[in-house]
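Participant: Okay, here's the prediction I keep looking at, along with the sequence it came from:
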Amino acid sequence: MSSLKLLPLWALALGGFLFGGTGNINPAKGPVDSAALYDLQYRPQFHFSAARQWLNDPNGLVYFDGTYHLFYQSNAGWCHAASSDLLHWVQLPQALFEDELGQCYSGTAAVDWNNTAQLQKGQLPTLLAFYTGWPNKKDVEKNGEKNATQCMAYSNDGGFNWTKYEHNPILPFWGTGSRDPKVFYHAPSEHWVMILFTTKHGNNVNEQNKVNGFSTFISKDLKNWEETDFTPDRFECADLFELPVQGGEPGMKKWVMVDGNGTYFIGTFDGKKFTPETERHRGDWGGVLRQHFMATQTWSDMPQGRRVQVAWMRHFDRKIFPQKGMPFNQLMTFPVDLTLRMTPQGPRLFSWPIPEIKKLHGQSWSTEGAQQMQQDARPLDTRLDANDIFIEIQPRGAAKAGVEIRGEKIVYDPQKQELDLWGKKMPVTLDEDGVLRLRVLLDRCGIEVFAQQGRERASLVFFPDDANRSLTLIAETPKDADAPILRSLNIIEVRSIW
């Protein structure tokens with residue numbers, strides 16, 4: 001892995017000890033060869049994956065002093081990676097472990113700039129992590145029912161070493177299955193806010209009377225919490241943040257409540273209650289049998305109000321990576337910048353790969369001028385592996401127009417105004433000039449599609465045939481109709497982050 005010049009020297013030294021001379025972790029077997037571990041058939045080259053073992057929910061995304069911290073679920077706790085550019089990652093020792101309150105389930109992190117929790121030691125502000133203490137199944141079987149609680153940990157060295165708060169939990173049992181605390185400071189109200197998946201029961205505590213939703217809590221000291229609202233709408237791994245509305249009235253801002261599956265509401269937040277002003281919108285259309293885009297989170301404390309999101313890029317079959325001979329299991333989506341933009345239907349959330357990806361760009365190949373797309377086209381002379389691909393198609397009179405990338409078809413139906421991606425139908429409206437604009441991030445076991453500047457997106461974990469590295473144009477045109485036009489195609493090599 002690449003080293004990080006902004007990480008403390010002791011962290012780099014520790015990384016070198018654990019990861020081997022090339023900076024690659026293999027805690028079970030000692031140092032490993034970079035080429036052997038990171039140049040595997042299905043190892044993603046620019047999407048984050050753990051060196052070995054399982055990975056799921058991203059947790060505790062926080063930026064501080066030039067370093068981006070990424071925690072993720074594994075080994076019944078929070079594993080840890082850090083980066084100076086959101087591209088190259090150093091995998092660090094596990095940060096949070098299971099204890100008497102249970103496994104360390106998902107949550108968030110933030111910088112305590114004003115030392116609200118009174119945990120700061122030294123000159124650096126304290127970083128705080130909030131997670132769910134989830135009872136271990138064996139403990140439940142041995143000791144009877146044990147309910148989930150919300151806990152806190154803190155770091156006084158910029159996020160590299162973590163200590164659990166000695167008086168955990170900060171929020172005791174609050175309904176069966178309560179989990180995934182999102183905690184942030186609401187400056188206008190001068191208090192901290194926690195959004196939590198909760199379950200409410202009627203007079204009879206049973207499954208029939210159970211209502212899932214999310215509760216809002218507030219706190220002045222981060223240790224004592226008061227519930228201020230309960231909304232009966234299921235939100236797991238919830239994220240709540242404010243963004244300016246591009247193209248709206250001057251100074252216009254809105255709050256966005258994002259579910260872990262990427263769906264979202266746009267509305268207002270007064271520090272105690274989120275009020276939606278839109279229906280629930282789909283944030284990602286990926287997956288085949290099940291969603292491949294889960295547990296979304298954004299980095300807190302980013303400079304200049306930037307909002308960067310990442311999600312667990314999930315394959316529902318937990319055994320498929322080992323069956324493919326891979327030492328790792330699962331991966332993260334590529335980081336995207338989130339923006340709110342005014343559309344004819346009102347404000348909508350757009351997502352677009354972070355511009356830092358240009359640092360990884362290598363050689364490129366482009367078509368020369370516009371050309372008609374013929375039926376029964378041959379594969380283009382390409383050798384796809386890890387690529388950033390830009391496509392512009394004018395469908396005109398075609399019944400269908402699109403591309404096939406390493407065996408995966410991405411096809412637009414102008415009549416239905418739908419993009420068919422591996423069986424999923426994603427609604428896409430052409431731009432005013434009648435053009436379909438796509439950006440495709442292709443990696444060795446994942447593909448992400450962004451349509452119309454990022455208004456719609458889709459993510460898929462897939463395992464392409466190594467012999468099929470081609471891109472083929474797809475066109476179906478009725479007799480006497482105008483054939484679709486390929487306005488441009490630009491295929492850019494993306495160099496490995498490892």
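Facilitator: Yep, that arrived.

Participant: show me where the stretch 151-300 of the chain has strands.
Facilitator: Secondary structure of the stretch 151-300 of the chain by DSSP state E, counting those that start in this stretch: the strands cover 163-164, 179-186, 191-200, 211-219, 226-231, 239-246, 253-258, 264-269, 274-276, 293-298.

Participant: Can you tell me which of those strands is most buried?
Facilitator: The densest packing among these, expressed as mean neighbour count by mean count of other Cβ atoms under 10 Å, is seen in strand 293-298 with a mean of 25. Placement of C-beta: from N, CA and C, glycine included.

Participant: that older thread, among the strands of the stretch 151-300 of the chain, which is nearest Met342?
Facilitator: For Met342, the closest of the strands of the stretch 151-300 of the chain is strand 239-246, at 5.8 Å, according to Cβ to Cβ.

Participant: mind checking the SS state of Glu356?
Facilitator: Following DSSP: H, G, I helix; E, B strand; the rest coil, we place Glu356 in the helix state.

Participant: show me what contacts it?
Facilitator: 85-87, 335 (Cβ atoms under 8 Å, 6 or more residues apart in numbering).

Participant: I'd like those as a markdown table, with neighbour count appended.
Facilitator: Compiled in a markdown table, the contacts of Glu356 are given as follows (neighbours: other Cβ atoms under 10 Å):
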| residue | neighbour count |
| --- | --- |
| Asp85 | 17 |
| Leu86 | 18 |
| Leu87 | 19 |
| Pro335 | 24 |
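
Participant: can you list the domain ranges for this structure.
Facilitator: Residue ranges for the structural domains of the chain, counted by automatic domain parsing, are given in the record as 1-39, 45-355, 360-494.

Participant: got the ones you listed as a markdown table, with mean pLDDT columns?
Facilitator: Compiled in a markdown table, the domains of the chain are given as follows (pLDDT from 0 to 100):
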| stretch | mean pLDDT |
| --- | --- |
| domain 1-39 | 47 |
| domain 45-355 | 93 |
| domain 360-494 | 95 |
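
Participant: Excluding chain neighbours, what is closest to Val62?
Facilitator: Once its chain neighbours are removed from consideration, Val62 has its nearest residue in Ala109; the separation is 4.0 Å (Cβ to Cβ, 6 or more residues apart in numbering).

Participant: Would you check how far apart the spatially closest residue to Asn212 that is not a sequence neighbour and Asn261 are?
Facilitator: The shortest distance from Asn212 to any residue that is not its chain neighbour, by Cβ to Cβ, 6+ apart, is 4.6 Å, and that residue is Arg234. Shown here: Arg234 relative to Asn261, a distance of 10 Å by Cβ to Cβ, to the nearest Å.

Participant: before we move on, what about Met294?
Facilitator: Taken as Cβ to Cβ, the spacing of Met294 relative to Asn261 amounts to 6 Å.

Participant: same question, Asn136
Facilitator: From Asn136 across to Asn261, the span is 26 Å (Cβ to Cβ).

Participant: next one: Gly107
Facilitator: Per Cβ to Cβ, Gly107 is found 18 Å from Asn261.

Participant: Likewise for Met252?
Facilitator: With distances defined as Cβ to Cβ, the gap from Met252 to Asn261 amounts to 27 Å.

Participant: out of those two, which sits in the more crowded spot?
Facilitator: It is Asn261, of Met252 and Asn261, that has more neighbours when counted by other Cβ atoms under 10 Å, with 20 against 14.

Participant: The more buried one: what's it in contact with?
Facilitator: Shown here is Asn261, whose contacts under the criterion Cβ under 8 Å, 6+ apart are 236, 283-284, 291, 293-294, 296.

Participant: Which of the residues you listed sits closest to Ile410?
Facilitator: Proximity of the contacts of Asn261 to Ile410 was ranked by Cβ to Cβ; the top entry is Asp284 with 14.8 Å.

Participant: Quick check: that closest one touching Gly260?
Facilitator: No: checked against Cβ atoms under 8 Å, the pair Asp284 and Gly260 is beyond contact range at 11.0 Å.

Participant: Between those two, which has more neighbouring residues?
Facilitator: Asp284 (26 against 23).

Participant: can you give me the helices in the stretch 101-250 of the chain?
Facilitator: The residue ranges that make up the helices of the stretch 101-250 of the chain, judged by DSSP state H, counting those that start in this stretch, are 137-143.

Participant: Return the subset of the contacts of Glu356 lying in strands.
Facilitator: Using DSSP state E, no member of the contacts of Glu356 falls within strands.

Participant: can you tell me which of those lies nearest to Asp466?
Facilitator: Ranked by distance to Asp466 (Cβ to Cβ), those are led by Leu87 at 25.1 Å.

Participant: ok, what's across the strand from Ser74?
Facilitator: Gly77 (DSSP bridges).

Participant: Just give the number of residues close to it.
Facilitator: Neighbours of Ser74 under the rule other Cβ under 10 Å: 19.

Participant: in terms of contact, does it touch Ser49 like I think?
Facilitator: No: at 11.3 Å, Ser74 and Ser49 do not qualify as touching, with contact defined as Cβ under 8 Å.

Participant: shared neighbours, the two?
Facilitator: A shared contact of Ser74 and Ser49, defined by Cβ under 8 Å, 6+ apart, is any residue touching both; here these are Leu55.

Participant: Using the three-state scheme, assign Leu37.
Facilitator: Under the three-state scheme (three-state DSSP), Leu37 adopts helix.

Participant: Could you report the separation of it from Gln120?
Facilitator: Here Leu37 is placed at a distance of 38 Å from Gln120 (Cβ to Cβ).

Participant: So for those two, which sits in the more crowded spot?
Facilitator: Relative neighbour count places Leu37 above the other of Leu37 and Gln120, with 21 against 16, counting by other Cβ under 10 Å.

Participant: hang on, the more buried one packs against Ser49?
Facilitator: No: with contacts defined as Cβ under 8 Å, Leu37 does not count as touching Ser49, sitting 10.4 Å away.

Participant: so what sits against both of these two?
Facilitator: Listed as contacting both Leu37 and Ser49 by Cβ under 8 Å, 6+ apart are Arg43.

Participant: How about the contacts made by the residue nearest to Val62?
Facilitator: Contact partners of Ala109, counting by Cβ under 8 Å, 6+ apart, are 59-62, 69, 71, 127-130, 159, 300.

Participant: one more time with 6 Å, if that's ok
Facilitator: Contact partners of Ala109, counting by Cβ atoms under 6 Å, 6 or more residues apart in numbering, are 60, 62, 129.
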